[in-house]
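Enquirer: quick one, what's the 3D model for this:
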Amino acid sequence: MKKITNGAKKGITLIELMIALVILSLIGTALVSNMQTGIDVWETENTHTELLQNAVTGLDKMTRELKQATQIVSVINPISGKNDYIRFKDANKTDKVFQFNNNYLEFGNAVTTERLAGPITKLEFKYFGYANDGTGKTILKDLGTNPEDKDKIRLIRIDMEAKEAGSGISLPVSSQVAVLTESLSDDDSGEEKDKIKLQNYALFGFNGFQIKNNLWIGSYPEPNNPPANVGSFAPGMIFNNLTLYGSVFAKGDIDLSNNDAIYGDVFSGGNVTVNKTTITGSLNYAYPGTLSPENYTAGGGNQVHEVLDEYFWNTLPKPYPFTPGTGTQKINNKEVFAPNPGTYGDIEGKGGTLQLSNGEYYFNNVTGQMTIDIKNISSGIRIFIAGNFDDKGNGINMTIDGSPIDINNPSHREIASLIYIEVQGNISITPNNILAGTIYASDPNEGNIVFKSSLTVVGALYGMGVVGDTKIPNNSLTIYYIPADENNLPETWK
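Expert: Predicted structure coming up:
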């Protein structure tokens, strides 16, 4: 008899099922573990990024504010006694404070502060100044965490540690900021230096000089006997055929490489390049500035100093506040307009004469072709122009009592010391001209002085912007330095 068998396929046994479930469980656990590791890494990196952004925000604010500090008042926390606090005066002479409080960086005034960044676990300030290493080189000197003389602070190191609450993740960050307070104390001798008075300069260009052809500056009647000075607060200065009976100052680099002659001292806050140049006085530059070539020696010797920026700090007077008049006064050819001291609108020259005498004059703009005749000056004249002083390419000439300005005339030199002209826009002079007096382009946003040919000044020339323009191929400047009578300068100079 034939045996009958079941044709159905064999099923999965219980043991096989259990083995399969164990394998799947192991694979799932590994996948979940890898996913969790990825999530943890992402969360860690995200926390790290947030901490970094938070810390950078705090450091950036501290750096920007401390760069503009005019005085460091205190560096010790009055509550905790720690060096996690700094109180200083900003550019407006307002007290400001950075401090560590309840795991946050706070910023505010001397009374009220607000949270700026955090949470943080550490804030520490360290202070450095400049000192001579005994070999003539200037080095950084550690002043500790609580310098006795705050005016000697020139560099602040900031160490901060940001930490995410509950995560255990911390991020140390640090920054350094160079500070330049208004103190002009000498780090080596401890002697106080006087601030430079702008009226002691023959020429000052806050944003530098661009003299394409020749620059000659001397005093009268003894051009070889200073005080004819020239100064700049520019990143750098380039001269061509410079002849100067006095001293030259620059915040940045100075390039003296084209038949220049300086009968005085040279001060640079940066690098100095010298070629075919005579310097009879001393050559001074600030560490870490360089001299090229290194073997050049000035007649008065070379010296490396601390930061020379302090020679220029807070030097320039602010624009004199006034409100000009309205309307336009045209001065046609051969006409003479002789207003009394007072307030006026625009003066538009058409070939005539603007005649001014003792007293104060306030104008909106003075433009066009004209002669400005300074008449019968005895006590002094002050001219304020709210806008531009621009000859529109046609020429503005100046005369004294109807005669051309003569440097050899003692009376003209005396009158030049009694003339003050402040232009709160730009100055633009086209033809060959001679002007007299202390001339100041005081606009902090512009204040440029452009002369498109040759300009001679019997007095002094100061600009908040650039003096000259290298795009003009033949511009040249000659200054016979006549110091201003201090009694005739406005209150903004005092």
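
Enquirer: buried set for stretch 88-101?
Expert: Within stretch 88-101, the residues that qualify as buried are Phe88, Lys89, Lys96, Val97, Phe98, Gln99, Phe100, Asn101, counting by 16 or more other C-beta atoms under 10 Å. Using the backbone N, CA and C atoms, a C-beta is placed for each residue, glycine as well.

Enquirer: what about the third one, distance to Val75?
Expert: In this case it means Lys96. 13 Å (C-beta to C-beta, to the nearest Å).

Enquirer: what is in contact with the two at once?
Expert: With contacts taken as C-beta atoms under 8 Å, 6 or more residues apart in numbering, Lys96 and Val75 have Arg87 as neighbours in common.

Enquirer: before we move on, back to that, now, the buried residues of stretch 88-101 that are in strands?
Expert: Among those, the ones falling in strands (DSSP state E) are Phe88, Lys89, Lys96, Val97, Phe98, Gln99, Phe100, Asn101.

Enquirer: got the contact list for the second one?
Expert: What it means is Lys89. Counting by C-beta under 8 Å, 6+ apart, Lys89 makes contact with Ala69, Thr70, Gln71, Val73, Asp95, Lys96.

Enquirer: which of those sits closest to Leu256?
Expert: Leu256 lies nearest to Thr70 out of the contacts of Lys89, by C-beta to C-beta, at 32.3 Å.

Enquirer: isn't that closest one up against Lys93?
Expert: Yes: in this structure, Thr70 is within contact of Lys93 by C-beta atoms under 8 Å, at 6.4 Å.

Enquirer: I'd like the distance from the longest strand belonging to the chain to the chain centre, please.
Expert: The residue-count maximum for a strand in the chain (DSSP E) belongs to strand 120-132. Centre-to-centre, strand 120-132 and its host chain are 24 Å apart (C-alpha atoms, centre = their mean, to the nearest Å).

Enquirer: and the angle for it with strand 95-101?
Expert: Counting by axes from the mean of the first three to the mean of the last three C-alpha atoms, to 10 degrees, strand 120-132 lies at 130 degrees to strand 95-101.

Enquirer: so what strands line up beside strand 120-132?
Expert: Applying DSSP bridges to the sheet, strand 120-132 is found paired with strand 138-144 (antiparallel), strand 155-163 (antiparallel).

Enquirer: next one: the last one to chain centre, how far?
Expert: Offset of strand 155-163 from its chain centre (C-alpha atoms, centre = their mean): 26 Å.

Enquirer: contact partners of it?
Expert: The contact list for strand 155-163, computed with C-beta under 8 Å, 6+ apart, reads 51-52, 54-55, 58-59, 62-63, 66, 86, 103, 105, 117-129, 140, 169-179.

Enquirer: what residues sit buried inside it?
Expert: Using 16+ other C-beta under 10 Å as the test for burial, strand 155-163 gives Leu155, Ile156, Ile158, Met160, Glu161, Ala162, Lys163.

Enquirer: which helices and strands sit right next to the helix or strand following it?
Expert: Tracing the chain past strand 155-163, the next element assigned as helix or strand by DSSP states H and E is strand 170-178. Applying 3 or more C-beta pairs under 8 Å, 6 or more residues apart in numbering; DSSP states H and E, one finds that strand 170-178 makes contact with helix 14-67, strand 155-163.

Enquirer: let's see it at 10 Å
Expert: helix 14-67, strand 120-132, strand 155-163 (3 or more C-beta pairs under 10 Å, 6 or more residues apart in numbering; DSSP states H and E).

Enquirer: name the strands paired with it and say parallel or antiparallel.
Expert: Strand 170-178 pairs in its sheet with strand 155-163 (antiparallel), by DSSP bridges.
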